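In: output the structure for:
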Amino acid sequence: MSPLVSSVNQILSILTIIGQALIASFFISLLVYKKGGAIAKSFVGKYGIALAFIIALIATFGSLFFSEIAGFEPCKLCWFQRILMYPQAVLFAIAFWKKDNGVFRYAIPLSIIGLAIAAYHYYIQVTAVASVICSPGSTESCVTRPFLNFGYISIPMMSLTAFLVIIFIGTIKKQFDKTT
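Out: Model (predicted):
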């Protein structure tokens, strides 16, 4: 692995951990602390579309980096996840520009489907179970793991985290919009 690929890989892995930590901390603050929940709702209510745009953009460019620069060939499940993530970068860019809070009506369903595919893909990678969708005879198998960082982060885990963060932001944003 080249130094560039290794560096970008580490940065994206660290961003994945940060996303997971943010989900956990926001979730705990919503459950445990009334003030913490209000702060989380206020922050996401104010910056939710911008945050979701940044996440979708990083996920889009990250997947393009892995395939076009690092040379990791995407499998069928990777393509399905891309199909569900790429339009979200455009949707959130337009929503940010137009200040359209209704974008999450479209983004959450896309992210839920993407999350399910990413979770299935991660399961296949971890267990090395054969998949009907990606047969071992295909050009790129779904169980192939070009890397595994911090003992658990692979490309499907990065995707899963991005979809989950977008769902979480959208859910909080919708709650915030109802109360204001």
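In: what's the closest non-adjacent residue to the residue minimising distance to the centre of the chain?
Out: Among the residues of the chain, the one closest to the centroid is residue 162, at 1.3 Å (C-alpha atoms, centre = their mean). Of all residues not flanking residue 162 in the chain, residue 59 sits nearest, at 4.2 Å (C-beta to C-beta, 6 or more residues apart in numbering). From N, CA and C alone the C-beta is placed, and that goes for glycine too.
In: kindly report the same for residue 99.
Out: Nearest one to residue 99, counting by C-beta to C-beta, 6+ apart, is residue 49 at 7.9 Å.
In: burial count for that neighbour?
Out: Neighbour count of residue 49, defined by other C-beta atoms under 10 Å: 27.
In: do the one 5 residues further on as well
Out: Counted with other C-beta under 10 Å, the neighbours of residue 54 add up to 14.
In: now do the one 10 residues further on
Out: Residue 64 has 14 neighbours, counted by other C-beta under 10 Å.
In: picking up where we left off before, make sure the residue nearest to residue 162 is actually in contact with residue 87.
Out: No - Residue 59 lies out of contact with residue 87 (C-beta atoms under 8 Å); the separation is 11.7 Å.
In: those two: who's more crowded?
Out: residue 59 (27 against 15).
In: coming back round to it: before we move on, which element is the residue nearest to residue 99 in?
Out: In this assignment (DSSP states H and E), residue 49 forms part of helix 34-64.
In: ok, and what's touching the next helix or strand after that helix?
Out: Secondary structure here is assigned by DSSP H and E; on that basis, the next helix or strand after helix 34-64 toward the C-terminus is helix 76-98. Under the contact criterion C-beta atoms under 8 Å, 6 or more residues apart in numbering, helix 76-98 has outside partners 49-50, 52-53, 56-57, 59-60, 63, 74, 100-103, 106-107, 110-111, 113-114, 117-118, 120-121, 124, 131, 133-134, 138, 142, 155-156, 159, 162-163, 166.
In: quick one, the helix or strand that the residue nearest to the centre of the chain is a member of and helix 76-98 angle?
Out: When secondary structure is defined by DSSP H and E, residue 162 falls within helix 155-179. Between the axis of helix 155-179 and that of helix 76-98 there is an angle of 30 degrees, by axes from the mean of the first three to the mean of the last three C-alpha atoms, to 10 degrees.
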